[in-house]
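J.: here are the coordinates; sequence isn't available:
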């Protein structure tokens with residue numbers, strides 16, 4: 001955290017210093033820093049600044065996140081335009097001005113918003129940096145339209161950033177070197193840490209929403225400036241702004257999933273598609289004489305997806321839901337205009353997008369830091385649904401918990417299904433089947449159906465959804481490969497055989513997915529089956545045997561099934577119960593695939609649950625329970641039959657014997673005389689903790705009342721014993737007595753870190769599971785060899801969460 005703050009503090013003045021040198025020397029015949037070199041340096045600095053902002057945001061919400069990501073996107077677009085200018089891609093005198101002004105005007109306002117919120121939130125250093133960069137951008141806009149204002153004014157504003165950033169960086173360096181003894185005013189962040197964390201937890205749950213909204217301003221400003229006459233035309237020089245905004249918004253989409261905000265992540269995925277499409281449309285006339293045409297049915301479907309998403313988003317935030325309606329109007333305006341982004345109608349709606357994005361971004365920026373929030377209608381719809389018996393919003397800590405464990409990401413299936421809808425309806429556009437489809441394939445099929453579906457598949461894989469992630473990734477590769485082959489003219493008669501072989505290979509892979517989806521649910525079976533119909537249409541097209549209308553019917557059918565899955569995934573993530581069911585497995589399996597089980601899963605936060613687990617253990621059962629490390633399988637020492645069952649269920653390896661847990665040293669007090677004083681003192685000092693001590697087996701074992709269970713514990717020479725540092729576990733031991741413990745996974749497999757994994761790994765061999773959510777640690781306990789402690793020697797069988805030095 002502190003190192004990231006120092007990195008942010010040093011990157012801002014570094015970039016501003018480069019720009020200050022550039023503007024001071026711009027009046028010379030040969031600038032000190034050539035445009036191409038300056039552009040490359042700004043791209044490198046923007047990448048580092050984005051990394052620092054993202055790493056900072058993963059710790060707690062902060063206004064610094066918005067500043068870093070906004071400034072990084074600004075520098076990346078600015079740097080690309082400088083590279084284009086340095087390579088003489090923008091030859092006309094007014095090209096550089098028309099290319100730079102939309103971005104400069106946007107970031108003047110965006111950074112001014114950050115500065116205002118920074119002053120209101122008590123962040124003077126951050127606010128001054130943002131205000132100085134905003135002033136520099138405003139001076140540069142004025143410089144392009146008035147020769148009376150020299151470049152020195154721009155350079156002076158950048159020098160202010162250098163001075164403030166350098167002061168902050170110096171303060172942080174002194175703070176580290178002196179270990180906190182010397183702190184310049186405004187640079188000691190230790191006192192603000194607790195306050196910042198409390199503000200972050202009380203504020204917006206998604207700190208990336210504000211930068212994403214500011215990027216919507218950037219893309220809209222390109223078209224606003226053309227409508228208002230600020231720029232003379234739309235051309236290649238505007239593409240860096242649009243594609244920089246799209247690229248950063250894809251990243252913010254992923255980070256929003258990390259912030260467990262499914263709806264805003266999906267919205268940013270949608271808007272990134274529009275940015276890539278807009279940039280492609282401006283790039284298209286450079287090699288084609290005409291402006292690109294747009295698929296009207298597709299845009300109507302896109303507006304419907306935006307409308308549905310706005311409806312669901314309004315359930316959580318009325319302001320955000322109403323904001324997405326602006327994009328519904330934007331898609332409809334594009335559908336009604338044959339010229340697309342070049343027409344005045346969509347450019348007029350872009351003005352509304354710019355204004356709405358600025359207002360909603362200001363609300364999000366302020367609510368991240370302020371205690372008194374600007375109301376967003378967050379509880380309005382929720383209060384209405386509270387009186388409904390049919391619809392109930394899903395809430396709580398398990399809202400985004402995957403079935404088989406803990407994930408750092410929310411579910412991205414909504415976006416993946418939506419990408420399938422977009423790609424399928426893009427293919428329904430009529431036209432010459434042998435044409436490259438340049439205006440449709442690249443921006444819609446490849447980007448929407450391919451790249452973003454890859455993103456959804458990667459997130460699904462991170463959540464443990466093996467089949468779904470495999471399908472999404474396979475379909476994404478299919479869209480991208482087919483789209484690029486079709487676009488590149490590789491669909492000619494000479495290559496039809498090779499194309500057909502590749503499509504058949506995809507169909508074989510998809511046949512396996514169709515077979516596996518029989519055991520998942522009905523919706524997934526039809527989803528994979530209808531994609532097979534699309535692949536068949538690709539194959540028939542490649543061998544010139546496509547019946548008239550078959551490709552349209554296949555893609556429409558796949559699009560409708562994908563749209564139903566999109567609605568079902570949205571409703572299941574928003575409402576309790578199945579509003580739109582995905583259906584059960586077509587073929588039923590025993591075990592985990594059978595759905596509900598007779599194994600009770602009880603919440604660990606309830607004392608009644610712990611009591612019920614204790615009753616099951618006393619009656620000879622084996623249970624999975626949470627601990628201070630990973631989940632374990634336990635049995636009561638007083639029930640030899642249960643201990644034998646646990647031993648059989650685990651197929652224990654000879655080098656992984658079961659261990660013994662107690663809740664207090666008082667349980668060993670009657671046998672204290674059997675332990676050496678050094679070992680007893682060591683146990684008192686080490687416990688409770690995730691440290692297991694392997695001690696010599698002796699008569700002390702009989703004092704714990706283990707009877708015939710003792711032969712299953714430890715080895716003939718030693719026993720591993722510990723007191724866990726977990727109140728639930730120790731309370732359970734108080735009720736049951738000493739317990740026998742082994743890891744809740746088959747021998748040789750990875751440790752179990754979530755209660756849903758216990759039954760998935762052990763099946764009917766476990767009688768109940770005490771559910772405590774994700775494990776506090778993913779590392780097992782440290783096992784210390786104390787068999788020779790009397791002679792002053794200890795060893796380590798396993799170094800776990802507690803390092804050797806601490807032991």
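T.: All right, it came through fine. Note that the coordinates shown come from a computational prediction; the quantities given were computed from them, not determined experimentally. Numbers count the residues shown, from 1 in each chain.

J.: how near is the residue of the chain most remote from its centre to residue 700?
T.: For the chain, the largest distance from the centre (Cα atoms, centre = their mean) belongs to residue 673, which lies 56.2 Å off. From residue 673 across to residue 700, the span is 9 Å (Cβ to Cβ, to the nearest Å). To be clear about C-beta, it is placed using only N, CA and C from the backbone, and glycine gets the same treatment.

J.: so what's residue 415 up against?
T.: For residue 415, the contact set (Cβ atoms under 8 Å, 6 or more residues apart in numbering) comprises 253, 265-266, 269, 452, 455-456.

J.: element containing it?
T.: helix 413-426 (DSSP states H and E).

J.: Please give the centre-to-centre distance between that helix and its chain.
T.: 19 Å (Cα atoms, centre = their mean, to the nearest Å).

J.: for stretch 342-350, same thing?
T.: With Cα atoms, centre = their mean, you get 33 Å for stretch 342-350.

J.: Stretch 627-645 too?
T.: Stretch 627-645 has its C-alpha centroid displaced from the chain centroid by 37 Å (Cα atoms, centre = their mean).

J.: Can you name the next helix or strand after the helix or strand harbouring residue 486?
T.: Element membership of residue 486 [criterion: DSSP H and E] is helix 466-487. With elements assigned by DSSP H and E, the helix or strand that comes after helix 466-487 is helix 496-517.

J.: now that next one and helix 466-487, what's the angle there?
T.: Put simply, helix 496-517 runs at 160 degrees to helix 466-487, going by axes from the mean of the first three to the mean of the last three Cα atoms, to 10 degrees.

J.: Of all the residues in helix 496-517, which ones are buried?
T.: 499-500, 502-503, 506-507, 509-510, 513-514, 516-517 (16 or more other Cβ atoms under 10 Å).

J.: Same question for stretch 241-258.
T.: For stretch 241-258, by 16+ other Cβ under 10 Å, it's 241-258.

J.: Which is the succeeding secondary structure element to the worst-scoring helix or strand of the chain on mean pLDDT?
T.: Sorting the helices and strands of the chain by mean pLDDT, DSSP states H and E puts helix 190-202 at the bottom, at a mean of 48. Sequence order places helix 209-227 as the next helix or strand after helix 190-202, per DSSP H and E.

J.: which helices and strands does the next helix-or-strand element following that next one pack with?
T.: Moving toward the C-terminus from helix 209-227, the next helix or strand (DSSP H and E) is helix 239-258. Applying 3 or more Cβ pairs under 8 Å, 6 or more residues apart in numbering; DSSP states H and E, one finds that helix 239-258 contacts helix 35-57, helix 63-86, helix 95-120, helix 209-227, helix 262-283, helix 452-462.

J.: which of the ones you listed sits most buried?
T.: A comparison of the helices and strands packed on helix 239-258 by mean neighbour count, using mean count of other Cβ atoms under 10 Å, puts helix 209-227 on top with a mean of 27.

J.: That helix to helix 239-258, inter-axis angle?
T.: Orientation of helix 209-227 against helix 239-258 (the same axes, to 10 degrees) gives an angle of 160 degrees.

J.: thinking again about what came up before, got the angle for the helix holding residue 415 vs helix 262-283?
T.: Using the same axes, to 10 degrees, helix 413-426 lies at 30 degrees relative to helix 262-283.

J.: hang on, the earlier thing: tell me which residues in the helix holding residue 486 are buried?
T.: Buried residues in helix 466-487 (16+ other Cβ under 10 Å): 467-483, 485-487.

J.: any idea how far that helix is from the chain center?
T.: With Cα atoms, centre = their mean, you get 21 Å for helix 466-487.

J.: Give me the contact list for it.
T.: Contacts for helix 466-487 (Cβ under 8 Å, 6+ apart): 413, 416, 420, 423, 436-438, 441-442, 445-446, 449-451, 453-454, 456-458, 460-461, 491, 499, 502-503, 506, 509-510, 513, 516-517, 520, 524, 527-528, 531, 535, 538.

J.: Could you do stretch 289-305 as well?
T.: Outside of stretch 289-305, the residues within contact range by Cβ under 8 Å, 6+ apart are 270, 273, 280-281, 284-285, 327-328, 331-332, 334-335, 337-340, 342, 418, 421-422, 425-426, 428-429, 438-440, 444, 559, 566.

J.: Quick one: mean pLDDT over it.
T.: For stretch 289-305, mean pLDDT rounds to 82.

J.: ok, now stretch 331-348?
T.: Taken as a whole, stretch 331-348 has an average pLDDT of 89.

J.: chain center to it: distance?
T.: The answer for stretch 331-348 is 33 Å, by Cα atoms, centre = their mean.

J.: Do you know the pLDDT at the residue farthest from the centre of the chain?
T.: 83.

J.: and it, what are its phi and psi?
T.: For residue 673, the backbone dihedrals are phi -70, psi -10 (criterion: degrees, to the nearest 10).

J.: One more: residue 797?
T.: Here residue 797 shows phi and psi, under degrees, to the nearest 10, equal to phi -80, psi -30.

J.: neighbours around it, how many?
T.: 14 (other Cβ atoms under 10 Å).

J.: got a list of what it touches?
T.: Shown in contact with residue 797 (Cβ under 8 Å, 6+ apart): 694, 783-785.

J.: Strands - which of those land there?
T.: 694, 783-785 (DSSP state E).

J.: ok, those residues vs residue 110, which is closest?
T.: Using Cβ to Cβ, residue 783 is the member of these that lies nearest residue 110, at 54.7 Å.

J.: quick one: pLDDT of that closest one?
T.: pLDDT for residue 783: 90.

J.: Pull the number of nearby residues for it.
T.: 20.

J.: Equivalent analysis for residue 383, please.
T.: When neighbours are defined as other Cβ under 10 Å, residue 383 has 8 of them.

J.: returning to that earlier point: nearest to residue 613, of the contacts of residue 797?
T.: Ranked by distance to residue 613 (Cβ to Cβ), those are led by residue 783 at 25.4 Å.

J.: Show me where the stretch 701-807 of the chain has its helices.
T.: For the stretch 701-807 of the chain, applying DSSP state H, counting those that start in this stretch gives helices covering 727-736, 755-762.

J.: Tell me which other helices or strands the last one touches.
T.: By that I understand helix 755-762. Counting contacts by 3+ Cβ pairs under 8 Å, 6+ apart, helix 755-762 packs against strand 623-625, strand 768-771.

J.: okay if I get those strands as CSV plus distance to residue 742?
T.: Shown next, in CSV, are those (distance: least, Cβ to Cβ, whole Å):
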stretch, distance to residue 742
strand 623-625, 11
strand 768-771, 15
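
J.: Pick the most buried one from those strands.
T.: Ranked by mean neighbours (mean count of other Cβ under 10 Å), these are led by strand 623-625, with a mean of 28.

J.: got a list of what residue 114 touches?
T.: For residue 114, the contact set (Cβ under 8 Å, 6+ apart) comprises 63, 66-67, 70, 126-127, 130, 365.

J.: Let's have the helices and strands packed on helix 239-258 in CSV, adding mean pLDDT and distance to residue 684.
T.: Output for those, formatted as CSV (pLDDT from 0 to 100; distance: least, Cβ to Cβ, whole Å):
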stretch, mean pLDDT, distance to residue 684
helix 35-57, 87, 41
helix 63-86, 91, 46
helix 95-120, 93, 52
helix 209-227, 94, 51
helix 262-283, 92, 49
helix 452-462, 89, 43
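
J.: what about those, which gets the closest to residue 237?
T.: The nearest among the helices and strands packed on helix 239-258, by Cβ to Cβ, is helix 95-120 at 2.8 Å.

J.: continuing past that closest one, what's the next helix or strand?
T.: helix 124-145.

J.: so after that following helix, what's the next helix or strand?
T.: Using DSSP H and E, the helix or strand that directly follows helix 124-145 along the chain is helix 151-177.

J.: chain center to that following helix: distance?
T.: Per Cα atoms, centre = their mean, the centroid offset for helix 151-177 relative to its chain is 33 Å.
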